[in-house]
Structure formats: structure tokens, C-alpha cells
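Engineer: Structure, please.
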Amino acid sequence: MTEPRLTEAEQSALPSTPEPALSALRPPAAASAPAAQPSPGWDGLIAAWLAAHKSYPEAARSRGEEGEVTVRFTVAPDGRVLDVEVVRGSGSAVLDDAARALLAGARVPPPQAPATRTVRLRYRLE
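Structural biologist: Numbers count the residues shown, from 1 in each chain. The predicted structure is shown next:
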């Protein structure tokens, strides 16, 4: 029995689809490996560290300044703070600078994997 053959007209009417490259058939290495995450409970450790190390700047206290500063920071797996950015200021340069200084160059509990967090630091006089 012979295989049916297409005529030239039928062959030219077929859509041409190129063969996929071998690299397209393999998933990228980064996609196949699960993304590293900070150790469980790390956010709680960071919150405790911030509470223990935050201090009210005397210059802001003497002027009665209060506010909330939102900062974003990146931590290396060994706990070194690599980057700090004030993403929303309090309206007081003294409080904003204190929040930035709290984390700039600090060593916090290590997350075991690179981590970036955004936190709000509240400065309230009591």
C-alpha cells in the first residue's frame, strides 16, 4: 500500500512552521529552580530587631515632631543591609534621616536568601 501524497498545490497551502530550536524545548534554569525565600519567621525577627534598635531623635523630640516613615531595604543572605530608601517621608527630615540611618549599613537577622522589605516606622511622642 502506498502513502497518499499531496499535490504541489496542497503542499503550498500548508502553513510553514519552523522546527523549534533545542533551547526552546528546555526550560530555563532559573525557571526550573524554586526561588529562594527568607527563612520562616524572618519577618518577625526583623520587626523585633527594628523595635529594639529604633530610637527617637532628640532634635525631633525637642520640637515635638511625630510621623511615619516608610522605608524599603534589601538584605544580603548574611544579614548585611545593602540598600535603604525612604519611599514615603514623614514630613520631618530629622525623622526620615533617623529611619534611614537605623538600617544603613546595619546587620540584621540573616534571611538565608536575599530579601527586600518595605516597612513603616512610627515615631510618636508619649
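Engineer: pLDDT-wise, which helix or strand of the protein ranks last?
Structural biologist: helix 22-25 (a mean of 38; mean pLDDT, DSSP states H and E).
Engineer: Ends of stretch 89-108, what's the gap?
Structural biologist: Start-to-end span of stretch 89-108 (C-alpha to C-alpha, to the nearest Å) is 22 Å.
Engineer: And for stretch 85-102?
Structural biologist: End-to-end distance for stretch 85-102, by C-alpha to C-alpha: 12 Å.
Engineer: Give me the contacts around it.
Structural biologist: With contact meaning C-beta atoms under 8 Å, 6 or more residues apart in numbering, stretch 85-102 is reached by 50, 53-57, 59-60, 63, 65-73, 84, 118, 121, 123. To be clear about C-beta, it is placed using only N, CA and C from the backbone, and glycine gets the same treatment.
Engineer: try 7 Å
Structural biologist: With C-beta atoms under 7 Å, 6 or more residues apart in numbering as the test, stretch 85-102 has contacts from 53-54, 57, 59-60, 65, 67-72, 84, 118, 121, 123.
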